[in-house]
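Peer 1: Okay, here's the prediction I keep looking at, along with the sequence it came from:
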Amino acid sequence: MTKKTVFNFIKTPCGQTKYIELKANKTLLGKLRLLWFILIASIRDWNIKE
């Protein structure tokens, strides 16, 4: 399985699991929450080495 591009920004395993859960919600509110999560998670994981 190839690594998703978003996982270059969300590096923790728990963050990647949460991303997959939020990605499954297809409502408008779900999409907004996913975008908010990606923004915050990528800022928090900025200094984590792969």
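Peer 2: Arrived safely.
Peer 1: who touches stretch 34-48?
Peer 2: Contact partners of stretch 34-48, identified using C-beta atoms under 8 Å, 6 or more residues apart in numbering, comprise 6, 9-12, 15, 18-19, 22-23, 25. For glycine as for every other residue, the C-beta is placed from the backbone atoms N, C-alpha and C.
Peer 1: which regions of this structure sit below the pLDDT cut-off?
Peer 2: Within the chain, the segments meeting pLDDT under 70 span 1-2, 50.
Peer 1: Show me where it has its helices.
Peer 2: Per DSSP state H, the chain carries helices over the ranges 13-23, 28-44.
Peer 1: Give the other helices and strands that the shortest one contacts.
Peer 2: For helix 13-23, the contact count by 3 or more C-beta pairs under 8 Å, 6 or more residues apart in numbering; DSSP states H and E identifies helix 28-44 as packing neighbours.
Peer 1: Helix 13-23 and the helix it packs on, what's the angle between them?
Peer 2: If you take axes from the mean of the first three to the mean of the last three C-alpha atoms, to 10 degrees, helix 28-44 sits at 160 degrees to helix 13-23.
Peer 1: ok now helix 28-44, how far from the chain's centre?
Peer 2: Helix 28-44 has its C-alpha centroid displaced from the chain centroid by 7 Å (C-alpha atoms, centre = their mean, to the nearest Å).
Peer 1: same question, stretch 3-10
Peer 2: Relative to the chain's own centre, stretch 3-10 is displaced by 8 Å; criterion: C-alpha atoms, centre = their mean.
Peer 1: Any buried residues in that stretch, and which?
Peer 2: 7, 9-10 (16 or more other C-beta atoms under 10 Å).
Peer 1: ok, back up a step: just the buried residues from the contacts of stretch 34-48, in ChimeraX please.
Peer 2: Selection of the buried residues among the contacts of stretch 34-48 in ChimeraX, burial being defined by 16+ other C-beta under 10 Å:
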select :9,10,11,15,19,22
